[in-house]
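Asks: this is the structure alone, sequence omitted:
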Ligand SMILES: Nc1nc2c(ncn2[C@@H]2O[C@H](COP(=O)(O)OP(=O)(O)OP(=O)(O)O)[C@@H](O)[C@H]2O)c(=O)[nH]1
């Protein structure tokens with residue numbers, strides 16, 4: 001292709017993302033677009049093609065980014081190449097969202113006609129505006145009887161300040177508006193800038209590990225071109241590779257001769273670890289490198305840590321293999337070996353957030369068949385010692401003795417909560433109970449309010465979101481960003497079972513809440529730990545001082561005594577049932593403790609805590 005042809009082709013490329021809150025219809029709309037452009041034949045179109053992972057489909061959320069190349073013949077008679085880049089809709093993955101937006105010139109903003117803008121949508125729209133994207137508002141689900149497109153338009157204008165005169169009214173369910181959306185993309189989203197003759201700059205906006213090809217890096221070419229056989233360098237990690245294949249997603253990966261300015265596609269280069277091709281890094285040619293990497297690179301750092309142990313100690317090596325494999329695919333997952341007196345050999349793992357943590361745990365159990373015991377999640381604390389040393393603690397049981405500690409800092413976030421007026425009271429109560437500091441409150445329209453609080457991350461890691469949902473009948477939406485560290489009055493609380501301290505149950509709590517938390521935990525443990533053959537005291541202590549106590553009464557339990565006579569099959573069933581119940585038990589000293597107990601600190605309801 002001549003330079004001139006390449007330029008003409010570049011003029012007809014449109015790169016866009018879809019921004020939407022969970023359930024507002026992003027996947028359904030993406031399906032309509034794929035259908036309409038005949039990218040995927042209707043017969044092949046599995047419901048929601050873009051959400052590929054099983055787990056993702058089950059949970060109905062987008063975890064990993066995906067992209068698709070579409071050909072669209074527009075009303076002006078020209079054929080356009082669209083690249084649709086899917087973005088995850090969850091706070092844990094906001095950095096990935098920011099990189100995928102950096103790969104686009106435009107974004108469709110999908111808002112449910114019966115719901116309105118939600119906190120996460122707002123956060124992502126502002127990210128898109130920062131990247132100077134052209135935003136095309138689409139009000140979806142107008143087929144619903146409860147649709148209020150005029151109210152939503154006004155909300156988009158008032159809250160985001162977008163001009164909504166050209167808003168598209170759509171129903172992804174019945175296909176209304178799909179054609180109009182495609183035409184608006186052609187007219188309103190700018191063609192990519194950049195020059196084919198400049199040194200290569202390609203932005204990695206996602207990468208995944210394929211056991212056959214190695215890492216597949218998803219890239220947007222910002223300057224220059226890239227071909228098979230060329231020597232490339234990752235500008236941040238400074239690793240060099242030889243390109244084994246370039247291609248595009250249709251939406252399945254298909255080889256291409258070359259990727260050129262404006263293209264979105266993939267590169268493989270026998271890269272063995274996703275850590276070598278990090279999201280946000282810039283790919284350039286090794287022998288004619290670009291002068292500087294693309295801006296905005298950040299190393300994704302885990303924020304939430306927990307202990308992960310195999311129920312069966314023999315599966316320790318299996319668990320390590322599973323984590324190593326998952327790490328290949330997920331450069332934000334971190335882990336290191338850890339030994340707990342209570343749980344034996346396991347790993348301390350770091351995650352981007354709670355959802356990320358749940359996803360990894362579920363994948364280990366499902367894909368690798370390893371049953372896990374996990375401890376309550378914790379954040380990273382900065383601990384200032386009396387001797388001037390500063391240490392980072394991400395396992396509460398490693399907290400030094402109180403006498404040695406001068407001060408403790410914990411991470412804080414700025415949280416936006418959007419709710420209907422009626423729920424302002426309950427939301428403020430929850431934030432206050434979670435040690436929140438009120439910052440701001442704004443009306444979105446007559447009906448809805450945005451409340452801003454500074455909150456300790458650790459309180460969000462606990463049951464904040466669940467409480468928010470249950471106290472606002474599911475109406476609240478919530479988003480947060482990390483602000484930094486602040487000093488708090490934090491202490492380590494230990495739990496003793498039968499007089500023995502259980503390291504895996506230690507937590508770091510605010511001094512003013514220690515008594516209530518301690519009381520709630522010992523009560524919860526009393527509920528969760530089955531009666532043993534002897535009486536078991538459960539205590540919560542700070543330093544050597546016991547602050548709460550409960551007792552698990554002794555019983556003598558023999559399930560077989562229930563079976564009169566010799567019904568063998570019934571007997572076997574009962575024994576199996578008992579075995580089943582025991583599977584996730586760990587012996588801690590002489591006491592059998594079920595998995596749930598290690599998460600008990602997460603399961604306290606607010607009322608108990610406040611009472
Ligand atoms: N009535 C109606 N329902 C719709 C429309 N578009 C999507 N839905 C339904 O809304 C629900 C959510 O749609 P999805 O496409 O899965 O939403 P999503 O935004 O992709 O959600 P995540 O993948 O979780 O981010 C599904 O049950 C869809 O069938 C629409 O235009 N009208």
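Replies: Now that the structure is in, tell me what you want to look at. Just so you know, these numbers come straight off a predicted model, no measurement behind them.
Asks: what bridges to residue 536?
Replies: For residue 536, the beta-bridge assignment (DSSP bridges) gives partners residue 552.
Asks: run a quick check on it versus residue 549, I expect a contact.
Replies: No: under the criterion of CB atoms under 8 Å, residue 536 is not in contact with residue 549, lying 11.2 Å apart. Backbone N, C-alpha and C define where each C-beta goes, glycine included.
Asks: can I assume residue 95 sits in a helix?
Replies: Yes: with DSSP: H, G, I helix; E, B strand; the rest coil as the criterion, residue 95 is located in a helix.
Asks: hang on, isn't it packed against residue 302?
Replies: No: proximity of residue 95 to residue 302 does not meet the contact threshold set by CB under 8 Å, at 11.9 Å.
Asks: quick check: neighbours shared by the two?
Replies: The overlap between the contact sets of residue 95 and residue 302 (CB atoms under 8 Å, 6 or more residues apart in numbering) is empty.
Asks: mind telling me what element the residue lying closest to residue 367 once chain neighbours are set aside is part of?
Replies: Sequence neighbours aside, residue 322 is the residue nearest to residue 367 in space, at 7.6 Å (criterion: CB to CB, 6 or more residues apart in numbering). Assigned by DSSP states H and E, residue 322 belongs to helix 316-329.
Asks: picking that back up, so between residue 536 and residue 549, which is more surrounded?
Replies: Here residue 536 and residue 549 are compared on neighbour count by other CB atoms under 10 Å; more neighbours surround residue 536, at 23 against 15.
Asks: next up, the contacts around the more buried one.
Replies: Neighbouring residues of residue 536 by CB under 8 Å, 6+ apart: 497-498, 529, 551-552, 554, 591.
Asks: in strands, which of the residues you listed fall?
Replies: Judged by DSSP state E, strands contain the following of the contacts of residue 536: 497, 551-552, 591.
Asks: dump those to CSV, plus pLDDT, distance to residue 483 and neighbour count.
Replies: Shown next, in CSV, are those (pLDDT from 0 to 100; distance: CB to CB, whole Å; neighbours: other CB atoms under 10 Å):
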residue, pLDDT, distance to residue 483, neighbour count
497, 91, 37, 23
551, 92, 43, 12
552, 89, 42, 22
591, 83, 41, 21
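Asks: and the two most separated of those residues?
Replies: Largest separation among the ones in strands among the contacts of residue 536 by CB to CB: 551 and 591, giving 12.4 Å.
Asks: low-confidence ranges in the stretch 351-500 of the chain?
Replies: For the stretch 351-500 of the chain, applying pLDDT under 70 flags no range at all.
Asks: which residues in it form helices?
Replies: Ranges of helices in the stretch 351-500 of the chain, per DSSP state H, counting those that start in this stretch, are 354-368, 424-433, 457-459, 465-471.
Asks: most packed of those?
Replies: Compared across the helices of the stretch 351-500 of the chain, helix 457-459 shows the largest average neighbour count, a mean of 23 (mean count of other CB atoms under 10 Å).
Asks: and that helix, what does it pack against?
Replies: Applying 3 or more CB pairs under 8 Å, 6 or more residues apart in numbering; DSSP states H and E, one finds that helix 457-459 makes contact with strand 405-420.
Asks: is the residue of the stretch 201-350 of the chain found nearest the ligand within a helix or a strand, and which one?
Replies: Per CB to the nearest ligand atom, residue 251 is where the stretch 201-350 of the chain lies closest to the ligand, at 15.1 Å. Assigned by DSSP H and E, residue 251 belongs to neither a helix nor a strand.
Asks: do you know how far the nearest residue to it once chain neighbours are set aside is from the ligand?
Replies: Take residue 251 and drop its neighbours on the chain: the residue closest to it by CB to CB, 6+ apart is residue 68, 3.9 Å away. Distance from residue 68 to the ligand, counting by CB to the nearest ligand atom, to the nearest Å: 14 Å.
Asks: list the buried residues in the helix or strand hosting residue 68.
Replies: Using DSSP H and E, residue 68 sits in strand 67-73. Buried residues in strand 67-73, counted by 16 or more other CB atoms under 10 Å: 67-70, 72.
Asks: helix or strand right after it?
Replies: Next element after strand 67-73 (DSSP H and E): strand 79-85.
Asks: any idea how far stretch 132-142 is from the chain center?
Replies: Between the centre of stretch 132-142 and the centre of its chain there are 24 Å (CA atoms, centre = their mean, to the nearest Å).
Asks: buried residues in it?
Replies: By 16+ other CB under 10 Å, the buried positions in stretch 132-142 come out as 133-142.
Asks: filter these by proximity to the ligand?
Replies: Among the buried residues of stretch 132-142, the residues within reach of the ligand (CB under 6 Å from any ligand atom) are 140-141.
Asks: in strands only, show me the buried residues of stretch 132-142.
Replies: Of these, the ones assigned to strands by DSSP E are 134-140.
Asks: can you count the residues close to the residue nearest to residue 367?
Replies: Using other CB under 10 Å, residue 322 is surrounded by 22 other residues.
Asks: for residue 275, give me its contacts.
Replies: 237, 327, 331.
Asks: the protein - how does it break down into domains?
Replies: 3-188, 201-285, 304-375, 381-488, 519-605 (the TED database).
Asks: re the thing from before, and the angle from the following helix or strand past the helix holding residue 322 to helix 316-329?
Replies: For helix 316-329, the following helix or strand on the C-terminal side (DSSP H and E) is strand 334-340. Angle, strand 334-340 to helix 316-329, by axes from the mean of the first three to the mean of the last three CA atoms, to 10 degrees: 160 degrees.
Asks: so what are the sheet partners of strand 334-340 and their directions?
Replies: When DSSP bridges is applied, strand 334-340 pairs with strand 344-351 (antiparallel).
Asks: quick check, distance from the strand it pairs with to the centre of its chain.
Replies: Averaged C-alpha coordinates place strand 344-351 at 19 Å from its chain's average position (CA atoms, centre = their mean).
Asks: what's the angle from that strand to helix 354-368?
Replies: Using the same axes, to 10 degrees: strand 344-351 against helix 354-368 is 130 degrees.
Asks: quick one: contacts of strand 344-351?
Replies: Residues contacting strand 344-351 (CB under 8 Å, 6+ apart): 92, 302-310, 313, 316, 319-320, 323, 332-340, 357, 360, 373, 377, 394-395.
Asks: going through these, which ones are buried?
Replies: Buried, going by 16+ other CB under 10 Å: 92, 302-310, 316, 319-320, 323, 332-335, 338, 340, 357, 360, 373, 377, 394-395, out of these.
Asks: so residue 10: helix, strand or coil?
Replies: Three-state call for residue 10 (three-state DSSP): helix.
Asks: who's in contact with it?
Replies: Here residue 10 is in contact with 191-192, 194, 196, 260-262 (CB under 8 Å, 6+ apart).
Asks: same thing but at 7 Å, please
Replies: For residue 10, the contact set (CB atoms under 7 Å, 6 or more residues apart in numbering) comprises 191-192, 261-262.
Asks: now do residue 215
Replies: Residue 215 neighbours (CB under 7 Å, 6+ apart): 207, 209, 271, 273-274, 276-277.
Asks: helix or strand: which one has it?
Replies: Assigned by DSSP H and E, residue 215 belongs to strand 214-223.
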